[in-house]
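In: My questions concern the predicted model and sequence given below.
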Amino acid sequence: MSSQTKTFKQWQQQANALQIEGRAYIDGQYQDSADGATFADISPIDGRLLAAVADCDAATVDRAVAAAARTFASGIWRDQSPVQRKNALLRLADLVGQHQEELALLESLDTGKTIHESLDMDMQDVQIALRYYAEAIDKIAGEIAPTSDSFHGMITYQALGVVAVMTPWNNPLMIACWKIAPALAMGNSVVFKPSEKAPLTGIRLAQLAQQAGIPDGVFNVVTGGAQVGQALALHPTVRVMAFTGSTQVAKQLLIYAGQSNMKRTYLEGGGKNAHIIFADTPDLARAARFAALGFCANQGAVCASGTRLLVQSSIKEQFVALLIEEVNRWQPGHPLDPATMMGPMIDARHQANVLRYVDSARDEGASIVCGGHADDSVVPGGHFFWPTVIDNATPTMTASQNEIFGPVASVIAFEDEADAIRLANDSEYGLTAGFWTPDIAKVHRVARQLEAGTVWVNHFLTRDILSPFGGFKQSGIGRDLSLHAMRQYGEMKATWIALKDVDAH
Ligand code: NAD
């Protein structure tokens, strides 16, 4: 089922018929916060109230952690045979598939992302992650250490206990499942805190997990904002904090880990990624298409976005003209229209922030050659922004240095290869980077020198479960995706068994 098989009207009708659940999910039951508090979950599309969502207090977070700890200690999940756990996660993937339209609509209403992105991309990636880690359960084995004949040495991984998963609003269920799936696959119990700006699919996933046969208390969802995140991050029973969000909050989580129980803290932070267009790029129009996608996809709310477009000066004029043509395809529209490529900003505050960055570039001497303005008329009540190209930017401008998380890219000219690499690495972030060239030696030379967790050559923004994703420098610690990520959710143990009488020394 693709987003294109229904009309705008049909998607709207289906959205209007949704039953939306806003309570937390603890120990197999939907529950209000102990103090009864809620917050309003507003759709960025038109400002409509979607649900009153539980604003969990500390007592409620404690209850969720206690349920997870109890089920972990009981062995009800981790001691199931690998095949049983695998089948439960595969059933969950199937259920997500069966409910993918409902989940995609919830996500589009909650975040403003297009139905095309929600259904054709995110919900597919959710199923892929669940299946991948389910299948890994009975295929990853431990190791035998190459000891002398006096010993048998085993290296094994075992579940850690209670894993807290905390996520941002831009790809809510997909990013969550990149962590929930490997955490559950390793036998841990999970307490998931979705972003307060996009909690609905996480809340719904909990019920599907129960239907799939994951025992009550093994997967819990607590909703709310920073106070819930803080309670989890400081909790002495939580063994892992698996986080995606801003670098600023990521750093705070490291402090909380140090102040509490030194929980393993895996952090996927922000990015200000370089996308380099060398003069020898054979097909500049193709590079321009990827460059536009690279900062316009998902309204620019993508950590991996290529927002620093480094363009060799000899082709800059030609490239910028092609880029503007491509960017003009990304016009804001209603996210439930399957033809729409760009939805609204997540809220008015974010829209104002994006505008401030664009204004700062103008004030600092750059030229806005495309877009550059907010627009509240696309859908009444929504906060849209026209995709923006900042030309003649310098590397030190405010908009060139900071993550904007909106559809805005700065074009910065460079002279030669060394200059491009220096500019690309001139950032405290190091999440992704990309470049275009047909020269194979240059491919290897440049790729090696880029300080980024992912490097794309002759394409941009491609990702797959089979390869790790994460950042250098202040973009993060640890990785999502691939078997490398799965290891993070297990504790490594070395067991030495004496096979002969060995002397003490
Ligand atoms: P955010 O850091 O504001 O929030 C992320 C989560 O942390 C939310 O659940 C929020 O409630 C919680 N939180 C906020 N303040 C907290 C505090 N003081 N203590 C504990 N918890 C707190 O991020 P956001 O605005 O939701 O998302 C945008 C950011 O996420 C961008 O910086 C983007 O680059 C980043 N991101 C990174 C990746 C990646 O894979 N590296 C992917 C997507 C998004």
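Out: Received the coordinates, thanks. Because the structure is a prediction, the values reported are computed rather than measured.
In: pretty sure I128 is touching L481, no?
Out: No: look at I128 against L481 with Cβ atoms under 8 Å: they stay out of range, at 9.8 Å. Quick note: C-beta positions are derived from backbone N, CA and C, even for glycine.
In: list residues touching both of the two?
Out: Taking Cβ atoms under 8 Å, 6 or more residues apart in numbering as the criterion, I128 and L481 both touch I465.
In: between the two, who's got more neighbours?
Out: Between I128 and L481, counted using other Cβ atoms under 10 Å, L481 has the larger neighbour count: 23 against 19.
In: And the pLDDT for the more buried one?
Out: As predicted, L481 sits at a pLDDT of 98.
In: measure the residue in the chain that the ligand sits nearest to to P44 for me?
Out: Relative to the ligand, the nearest point of the chain is G229 (2.2 Å; Cβ to the nearest ligand atom). Relative to P44, G229 is positioned 21 Å away (criterion: Cβ to Cβ, to the nearest Å).
In: out of those two, which sits in the busier spot?
Out: P44 (30 against 24).
In: Could you pull up the residues touching that one?
Out: So P44 contacts 111-112, 343-347, 382-383 (Cβ under 8 Å, 6+ apart).
In: Could you dump those residues into a markdown table and include distance to the ligand?
Out: Output for the contacts of P44, formatted as a markdown table (distance: Cβ to the nearest ligand atom, whole Å):
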| residue | distance to the ligand |
| --- | --- |
| T111 | 10 |
| G112 | 14 |
| G343 | 16 |
| P344 | 15 |
| M345 | 12 |
| I346 | 8 |
| D347 | 10 |
| G382 | 18 |
| H383 | 15 |
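In: In contact with the residue nearest the centre of the chain: list those residues for me.
Out: What sits nearest the mean C-alpha location of the chain, by Cα atoms, centre = their mean, is I175, with 3.9 Å. Residues near I175 by Cβ under 8 Å, 6+ apart: 167-168, 244, 268, 480.
In: Closest one of these to A250?
Out: Using Cβ to Cβ, E268 comes nearest to A250 of those, at 7.8 Å.
In: Distance check, the nearest residue to the closest one once chain neighbours are set aside against I315.
Out: Leaving aside its sequence neighbours, E268 sits nearest to T244 (Cβ to Cβ, 6 or more residues apart in numbering; 4.0 Å). For T244, the distance to I315 (Cβ to Cβ) stands at 35 Å.
In: out of those two, which sits in the more crowded spot?
Out: Using other Cβ under 10 Å as the criterion, T244 and I315 rank with T244 on top: 26 against 18.
In: still on that earlier bit, helices - which of the contacts of P44 land there?
Out: T111 (DSSP state H).
In: Same list, the contacts of P44, but as CSV with distance to A393 please.
Out: Formatted as CSV, these follow (distance: Cβ to Cβ, whole Å):
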residue, distance to A393
T111, 28
G112, 27
G343, 26
P344, 25
M345, 21
I346, 25
D347, 26
G382, 28
H383, 25
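In: ok, so of the contacts of P44, who is nearest A250?
Out: I346 (19.0 Å).
In: what's the neighbour count on that closest one?
Out: 25.
In: That one: what's it in contact with?
Out: With Cβ under 8 Å, 6+ apart, I346 has these contacts: 44, 111-112, 169-170, 197, 301.
In: Could you check how far it is from P335?
Out: 12 Å.
In: Overlap of the contact sets of these two?
Out: In contact with both I346 and P335: G112, using Cβ under 8 Å, 6+ apart.
In: How about the residues of the stretch 51-200 of the chain by the ligand?
Out: 166-170, 175, 193, 195-196 (Cβ under 6 Å from any ligand atom).
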